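Participant: what would the 3D arrangement of this be:
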Amino acid sequence: MNSDQLSNFNSNNSLATHRSDFYSTFNNQAIFIEPAAAASKPSTRQQVFERILANISEQDLLGKSYVEQYLRYKYRRNCKANTLRQAATSLEQFLSFFANRGNTVLEQLSREDIAVFVEALQDRGLKPSTVNTRLRNVYAFVRYLIIEYKVVSWELMERKIKLKLPDRLPRAIDAQHLDQLLAAIDNCRDRALILLLLRTGMRIGELRKCQVEDIDLYEQKILIYQSDKTCVGRVVYYSADAQQALLAWLRLRDPHKQHLFYGHKDKALSYEAARCIFKKCLQKAGLQYSSYTLHCLRHTFATDLLNATMPLECLRELLGHCSMEITRRYARLSDKTREEEYFRAMQRILKGECNENDQCDR
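Facilitator: Residues are numbered from 1 along each chain as shown. Model (predicted):
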């Protein structure tokens, strides 16, 4: 990074911890970010939880009191708003289905009820991953009923129904398409948003929540205090081109706003707004029919680093994966060695150089 760009930065007050003393310069113009007022209203998670309970209380749901207690239990465990929504939706659907089969009490719950529920979801054409989410939530509820209230038998947990899920490869953006995309972005905010996603591998939800004080311009890193998906904090880094785009955006953005990318009244930029930005950029680049999504930027980040020989363990930390197996999917996508071995072997076959004495790897 050019030290002249950050000559007015107060090194005694790191950007990662003190927004009020954050100074920087870009083209000899100072950037100052004011501290934002602390929010006093209930958190989004609390608001979602209260809406869920209100919705359930209005329904004539079999085992409603157990569902309410279960959701309170998950809320106390600090489950995220989306987790609470998924659990409530799954249980509402399952218990309605269970009652429609002629059952009147939860004690009548059997393995067949769960199996038929899964079949009904599949018949509706739901994605396997969605059906699996519903199933996992049902089993989590059953386990809660067993442990807390002994309403149902442990036998339901002994032979759990399991789904075989497709193991898809992550989809990275083609190198030529990526060049087209970056060349087409002329909006300062949009360029900073896209490049930070591409160079850090952050999830869009993590970047949406990013505040200016979470950025360390000197070391070109962003602190994610709580991962959007795993609730585990981590540090991500960004490249020189992302730094340039970020500084340009810091110069233009409203210094009174708390979030790096903001929407109406300093709320974080919404998912829909971020998707619209990316869609607009694809259209400008002539890639509107490519079916690329914002998450493809994360896939591209991982694939590019693997092709540049970054170790899998290091990449796992940067991506914030809990399991190495998830990170290994990118290795399948970017295994240049396997590709080279294939074409080398195929060339021998086409030249007729192979014979029965060739050794095969086993």
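
Participant: number of nearby residues for Pro311?
Facilitator: Neighbour count for Pro311, taken as other CB atoms under 10 Å: 10. Bear in mind the C-beta positions are built from the backbone N, C-alpha and C, glycine included.

Participant: mind checking how far it is from Met324?
Facilitator: Distance of Pro311 to Met324, given as CB to CB, to the nearest Å: 11 Å.

Participant: and if you look at Met346?
Facilitator: Distance of Met346 to Met324, computed by CB to CB: 31 Å.

Participant: what's the answer for Asp335, then?
Facilitator: For Asp335, the distance to Met324 equals 16 Å [CB to CB].

Participant: repeat for Leu315
Facilitator: Distance of Leu315 to Met324, given as CB to CB: 10 Å.

Participant: tell me which of the two has more neighbours.
Facilitator: More crowded of Leu315 and Met324, by other CB under 10 Å: Leu315, with 21 against 12.

Participant: could you tell me the per-residue confidence at that one?
Facilitator: With respect to pLDDT, Leu315 scores 94.

Participant: go ahead and list the helix or strand containing it.
Facilitator: Per DSSP states H and E: Leu315 is located in helix 312-319.

Participant: so for the helix or strand following that helix, what's the average pLDDT?
Facilitator: Note on helix 312-319: by DSSP H and E, the next helix or strand toward the C-terminus is helix 324-333. For helix 324-333, mean pLDDT is 85.

Participant: contact partners of helix 324-333?
Facilitator: For helix 324-333, the surrounding residues in contact (CB atoms under 8 Å, 6 or more residues apart in numbering) are 167, 169-170, 172, 299, 302-303, 306, 312-313, 315-316, 319, 321.

Participant: which of these tops the neighbour count?
Facilitator: Per-residue neighbour counts (other CB under 10 Å) across the contacts of helix 324-333 peak at Ala302, which has 25 neighbours.

Participant: my read is that that one contacts Arg316, right?
Facilitator: No. Ala302 is beyond contact range of Arg316, at 9.6 Å (criterion: CB atoms under 8 Å).

Participant: which residues of the stretch 201-350 of the chain fall in helices?
Facilitator: Taking DSSP state H, counting those that start in this stretch as the test, the helices found in the stretch 201-350 of the chain are 204-209, 240-252, 271-284, 295-307, 312-319, 324-333, 336-350.

Participant: dump those helices into JSON lines; add distance to Gln220 as well.
Facilitator: Putting these into JSON lines (distance: least, CB to CB, whole Å) gives the following:
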{"stretch": "helix 204-209", "distance to Gln220": "15"}
{"stretch": "helix 240-252", "distance to Gln220": "6"}
{"stretch": "helix 271-284", "distance to Gln220": "22"}
{"stretch": "helix 295-307", "distance to Gln220": "15"}
{"stretch": "helix 312-319", "distance to Gln220": "13"}
{"stretch": "helix 324-333", "distance to Gln220": "23"}
{"stretch": "helix 336-350", "distance to Gln220": "27"}
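
Participant: to Asn82, which of those lies closest?
Facilitator: Distance to Asn82, taken as CB to CB, is lowest for helix 204-209 among the helices of the stretch 201-350 of the chain, at 9.3 Å.

Participant: what about the strands in the stretch 1-150 of the chain?
Facilitator: 23-26, 29-32 (DSSP state E, counting those that start in this stretch).

Participant: check the ones you listed for me: which has the lowest mean pLDDT.
Facilitator: Among those, strand 23-26 has the lowest mean pLDDT, at a mean of 46.

Participant: quick one: residues contacting Asp113.
Facilitator: If you count contacts by CB under 8 Å, 6+ apart, then Asp113 has Phe98, Arg101, Asn103 around it.

Participant: make that Ala192, sorry
Facilitator: Contact analysis of Ala192 by CB under 8 Å, 6+ apart lists Ala242, Ala245, Leu246, Ala248, Trp249, Phe261.

Participant: could you list the low-pLDDT ranges of the stretch 151-300 of the chain?
Facilitator: 228 (pLDDT under 70).

Participant: 80 instead, please
Facilitator: 226-231, 266 (pLDDT under 80).

Participant: distance of Leu181 from Cys296?
Facilitator: To Cys296, Leu181 is 10 Å away according to CB to CB.

Participant: between those two, which contacts overlap?
Facilitator: Common contacts of Leu181 and Cys296 (CB under 8 Å, 6+ apart): Ile173.
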